[in-house]
Every structure is written in structure tokens, then in C-alpha cells.
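Any chance you could fold what I've pasted below:
(one chain, ligands or ions: 2)
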Amino acid sequence: MALHLYNTLTRAVQTFTPLDPAGRAVGMYCCGPTVYDYAHIGNWRTFVFADLVRRTLEFSGYQVRHVMNITDVEDKIIKRVREQNTTLRDFTGRYETAFLADLQSLGCRPPHLTPRATEHIPEILDLIQKLTDRGLAYRAPDGSVYFSIEKYRGCGCRYGQLLNLNFDELRPGQRVASDEYEKESLADFALWKARVPDDGAVFWPGPFGEGRPGWHIECSAMSLKALGQTFDLHLGGEDLKFPHHEDEIAQSEGATGQPFVKYWLHGAHLLVEGKKMSKSLGNFFTLRDLTAKGFTGREIRCLLLTAHYRETFNFTLDGLAGARTALARIDECTAKLRDLAAGAAANPAAAAEAPLVAAFRSALHDDLNISAAWATVFDWVRDTNKRIASAQLNPTEAAAALAAWEQVDSVLGIGQKAEADVPPEIAALAEERTAAKKARDFKRADALRDELKAQGWVIEDTPKGIKIKKL
Ligand code: AMP
Ligand code: ZN
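Ligands and ions are numbered 1, 2, ... in the order given. This next block holds a predicted model:
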């Protein structure tokens, strides 16, 4: 089955066909973080979803160019720069670095390009100029430049491609200056915001006077520059459909006269312990908050990948503990396979045809049906454990099973559990136990095993000697 995806633009699940006539190259833009704070676990659901889309495309043989911008100038950022009496670059740099480190901890493949809005002011001004030249943008009395929805619609263009909007409420010329607004406040939106005292040092000179860009035009300028006038995929959380993505379409199509994006994908929101995340409810987590509680990036990734991307997902600490158990089952099975394979070679072409890989692929190709994909993995774990227990796997078969697992993991991205460093006192206890066993003092050996367990370590006897693992 070919890859099928739900396209918000057509409101239907469609076969994915890239624009590239050779059917290989794919351009994908995901709206990146607004770097005014540490990204929270809800934001991470969306970025892990984007990583799943990219990995699925790569697994399916496409050559993806993944672009994710960094929004480093915007209303909320300017407010905090002012409050903290710092500079824009110092302030955003801190959160950008943290974001990229967290992205790595969560096992996300790094985007090929992470353009910053502040480094695209000429492209942004150029785009505004084009819109002004085409009569779709105008300068308001305060010096700011706005996009005219009325003029855009007057040219036969459709505003409201992602959402149905009620234009009866629209009063021509009514303007909204803020980057974020509700459907009910449908109005002309700001492309260039004239400098005001509160902006402090955050402004650029330009043909429309000193000022700074609106958030929406930033993404249009960066995506058009990186991926061309029309590209394959544009992603974001569902809250970005309106106004951000609707405005991106209007600006881009208004300036180029070409269709902007072929497939729009939106991820549903994450709730925490059944509620919208908020600091006052105490259910607001950044990745750092969770790693401080002892969870690893791969456990968090695994949990964020459990639900279908178009369904709201309830994140709980119990769920994280469940992800830990699920990963331990996979780790145990793949570790046994590695021992059995003992370096035997596998044929990668044969792995691609393995039943596990085929079942996993057809689940993902069904609009990224991740629950069905996980089910194929756990069926395989159960079956493989049985075959290992009844000594049915020879080294070549174990290597083939591992190669199939690696193909699946190229999408799941959970990798192997990091081996914990064994502290010297634990290694000493383990050695003492081995010596006790050799001396046939089994009582002492068992007591030492219990003591190690009490300290959180487990000893496994393998044909190649003992293995010490963290519980
Ligand atoms: P921001 O940094 O605020 O621009 O948001 C980054 C991404 O996180 C956007 O794609 C948002 O749609 C997404 N997002 C925000 N809140 C949530 C949430 N609770 N669940 C899932 N995604 C979210
Ligand atoms: Zn964007």
C-alpha cells in the first residue's frame, strides 16, 4: 500500500504523491518553536510527530528536505526581552540551544535547515513589497503594513482554505495587530509592525519605515526561500491552522500566484493528566522537568508516539512508567537476539521483506496508524521470545530478526538502552558472587545476588560470562 495521509486542505485521506516528477524528493516544512521559553511536553508532541512523518517518508524511500524555522522575533519574545532587560539574541539564543539539545534527547533527526526569522528580514521585506505591488497589502495610519483580506478575495483567491470562516462578520479595513487571534476576530493582519517604544532595540529599517515582521510572514518568507514556491508538506499543531497557516497561505499565494503547499498535516493537542497544561494546575512539564524525575528522552519519545497524531493524547506520569516497561520488553528481546546473532551477517534486502517490516509499513502507510504499528512490534516480540526460548533461532536467523527490527526502529527511533556505567563497588560484589559460585558456596552467591538487586542491579549469567544490568 502506498503512503496515505490526511490532508487538512482537502479534508480527506489521500495517497501521498510528491511534486517531484521523479517521485523521490520531498520538501517538508514544520513550523518551529517560538524561542521565548523552554518547549513544553505539548510542543514536543508536535515535534516528535513531525519527526515521525519525516522518518516514515525516509523509510518509504523518499529523499526528504526537512526545514524547521526558529521563530526568534515575535510579540511574546519582545515582551520578555523588555521585562528581562536583555538583548534579543542573548535571550532567544539560550532557548534555541536548549530546544536543539532537547530535540536530540528525544531522538528526533535534526532538520536539514533551521532558519531564523531575524536572518531573513530582506526576504520578508521583499515579500511584503510584492504583496503591496499586487495591491494586497496597505500601509495603515500608524505606519504598519497589513494584508487586505477583502482585496485578496476580490482577486478570486480563497481565504479560509483550512477552516470554514464566516465572512459576514468581516468589516473591510478592520485590523488585528496581534499575531494570535481567534476566528471571531477575522480581520486584516499585520505583515510589518511599525516601531513602538515598547519594542526597545528590536526593529529593522526598511522601505515601510522602522519596524519588525509579523509572525505569519516570517514562515512564508523562510519556507518559500528554502523549498520554493510550491512544496509538498507543511506541518504544525492543530492550533496553527488559524490564523497562522491560513495567513501563510494567503501571503504566499498572494505573492507568487502559485499554490503554496500540497499536503497540510496537523497534529492534535496533548493534555496532561486529562487537563489543558497550565502552570497553576501544576501539570506543566518541560522535557527537563521530566528528566529531573528520572525519565529518559527515549521513554518520553515512546509515550509521545503511542497515540494517533490526529487524536488528542492524555499524557500521564503513569503512562511514562508504562512506556518504560514496554521499552524494557523490547530491549530484553533485542539484547537476546544480539547475543544469539554473535556477529552473524544479515541481508538488508531480505530484512525489508520480513513480515514484521511489511506489517509495520502497512500500518504506517495507513495515515500513520501508530497503534497498529506498535501492535506489530509487540506481536513480533512475543513470537521472537517464544522462538528464542525453544532454541529455534540460529545465529543467521537471529541476525535477520535484528536487521528487521532495525528497519522498524529507523522509524520509531528508540534505539538501544544506554548501558549504565557499573560503579566499582557493584562490580566488586558481582565478582565476589562469581567467586562464591565457583567455590560452590551457593548460599553466599544467592545472598550477593540479593544484595545487588537491593542496590538496583541485576546479574545475568550468559554463555560468555556474567552481565551486570541496571534494574
Ligand atoms: P510555539 O513554540 O508556541 O510556536 O509552538 C510550537 C508547536 O507546538 C506548534 O506547532 C504548536 O501547534 C504546538 N503545540 C502547542 N501546544 C501544544 C499542545 N498542548 N499539544 C500539542 N502541540 C502543541
Ligand atoms: Zn509557521
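
My guess is residue 33 contacts residue 71. True?
Yes. Counting by CB atoms under 8 Å, residue 71 is a contact partner of residue 33 at 6.7 Å. C-beta here means a position set from N, CA and C on the backbone, and glycine is covered the same way.

so for stretch 195-204, what's the average pLDDT?
For stretch 195-204, the mean pLDDT works out to 96.

Format the CA atom coordinates belonging to that stretch as CSV.
Only the C-alpha atoms of stretch 195-204 are listed here, as CSV (Å, rounded to 0.1, in the frame of the first residue of the first chain):
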residue,chain,number,x,y,z
ARG,A,195,8.3,50.5,15.7
VAL,A,196,6.8,51.5,19.0
PRO,A,197,8.7,52.5,22.2
ASP,A,198,7.9,49.0,23.8
ASP,A,199,10.0,47.3,21.1
GLY,A,200,13.2,48.7,22.6
ALA,A,201,16.1,47.9,20.3
VAL,A,202,14.1,45.3,18.4
PHE,A,203,13.5,46.9,15.0
TRP,A,204,14.9,47.0,11.5
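
what about residue 33 and residue 71, which has more around it?
residue 33 (26 against 23; other CB atoms under 10 Å).

What parts of the stretch 201-350 of the chain come near ligand 2?
Residues of the stretch 201-350 of the chain lying close to ligand 2 (CB under 5 Å from the ion) are residue 219.

near ligand 1, which residues of the protein?
Applying the criterion CB under 6 Å from any ligand atom, the portion of the chain that neighbours ligand 1 consists of 31, 33-34, 42-43, 45-46, 236-237, 239-240, 269-270, 277.

Let's have those residues in CSV, adding pLDDT and secondary structure.
Written out in CSV, the entries for these read as follows (pLDDT from 0 to 100; DSSP: H, G, I helix; E, B strand; the rest coil):
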residue, pLDDT, secondary structure
31, 98, coil
33, 97, coil
34, 96, strand
42, 96, helix
43, 96, helix
45, 98, helix
46, 98, helix
236, 98, strand
237, 97, strand
239, 95, helix
240, 97, helix
269, 95, coil
270, 96, strand
277, 86, coil
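
Tell me which two of those residues sit farthest apart.
Considering CB to CB, no two members of those lie farther apart than 31 and 277, which are separated by 18.8 Å.

where do the helices sit along the stretch 151-300 of the chain?
For the stretch 151-300 of the chain, helices defined by DSSP state H, counting those that start in this stretch occupy the ranges 215-227, 246-256, 287-292, 297-304.

Turn those helices into JSON lines, including mean neighbour count.
Conversion of the helices of the stretch 151-300 of the chain to JSON lines gives the following (neighbours: other CB atoms under 10 Å):
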{"stretch": "helix 215-227", "mean neighbour count": "25"}
{"stretch": "helix 246-256", "mean neighbour count": "24"}
{"stretch": "helix 287-292", "mean neighbour count": "16"}
{"stretch": "helix 297-304", "mean neighbour count": "24"}
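
Dump the ones you listed into TSV; add mean pLDDT as well.
Formatted as TSV, the entries for those read as follows, by pLDDT from 0 to 100:
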stretch	mean pLDDT
helix 215-227	98
helix 246-256	98
helix 287-292	95
helix 297-304	97
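
measure the residue nearest to residue 84 when sequence neighbours are not counted to residue 200 for me?
For residue 84, the nearest residue in space outside its immediate sequence neighbours is residue 91; the separation is 6.6 Å by CB to CB, 6 or more residues apart in numbering. Distance, residue 91 to residue 200, by CB to CB, to the nearest Å: 11 Å.

joint contacts of the two?
Here residue 91 and residue 200 share the contacting residues residue 81, scored by CB atoms under 8 Å, 6 or more residues apart in numbering.

Neighbour count for these two, which is higher?
Taking other CB under 10 Å, residue 91 and residue 200 do not tie; residue 91 has more neighbours (21 against 15).

Can you name the next helix or strand after the strand or helix carrying that one?
Using DSSP states H and E, residue 91 falls within helix 88-105. Scanning forward in sequence from helix 88-105 by DSSP H and E, the next helix or strand is helix 121-133.

Any chance you could list what contacts that next one?
For helix 121-133, the external contacting residues (CB under 8 Å, 6+ apart) are 117, 137-139, 145, 147, 191-192, 204, 206-208, 213, 217-218, 220-222, 224-225, 251, 254-255.

Could you list the buried residues of stretch 340-353?
Buried residues in stretch 340-353, defined by neighbour count with 16 or more other CB atoms under 10 Å: 340, 341, 346, 351.

Next, the buried residues of the host helix or strand of residue 323.
Assessed by DSSP H and E, residue 323 sits inside helix 317-341. Using 16+ other CB under 10 Å as the test for burial, helix 317-341 gives 319-320, 323-324, 326-327, 330-331, 333-337, 339-341.

Extract the residue ranges of this protein that are flagged as low pLDDT.
Per-residue confidence for the chain (pLDDT under 70) gives these ranges: 462-465.

same thing but 90
Under the criterion pLDDT under 90, the flagged ranges of the chain are 1, 166-173, 183-185, 273, 276-284, 342-353, 391, 416-441, 443-445, 451-471.

mind listing what the residue in it that ligand 1 sits nearest to touches?
Among the residues of the chain, residue 237 lies nearest to ligand 1; the distance is 2.0 Å by CB to the nearest ligand atom. Contact partners of residue 237, counting by CB under 8 Å, 6+ apart, are 42, 43, 45, 46, 266, 267, 269.

burial measure for the fifth one, as a count.
A count of neighbours around residue 266, defined by other CB under 10 Å, yields 22.

what helix or strand is residue 444 on?
Taking DSSP H and E as the criterion, the element that holds residue 444 is helix 442-454.

what comes up buried for that helix?
Buried residues in helix 442-454, counting neighbours by 16+ other CB under 10 Å, are found at 445, 448, 449, 452.

List the residues that contact the last one.
Right, residue 452. For residue 452, the contacting residues are 426, 429, 430, 433, 458, 459, 468, by CB under 8 Å, 6+ apart.
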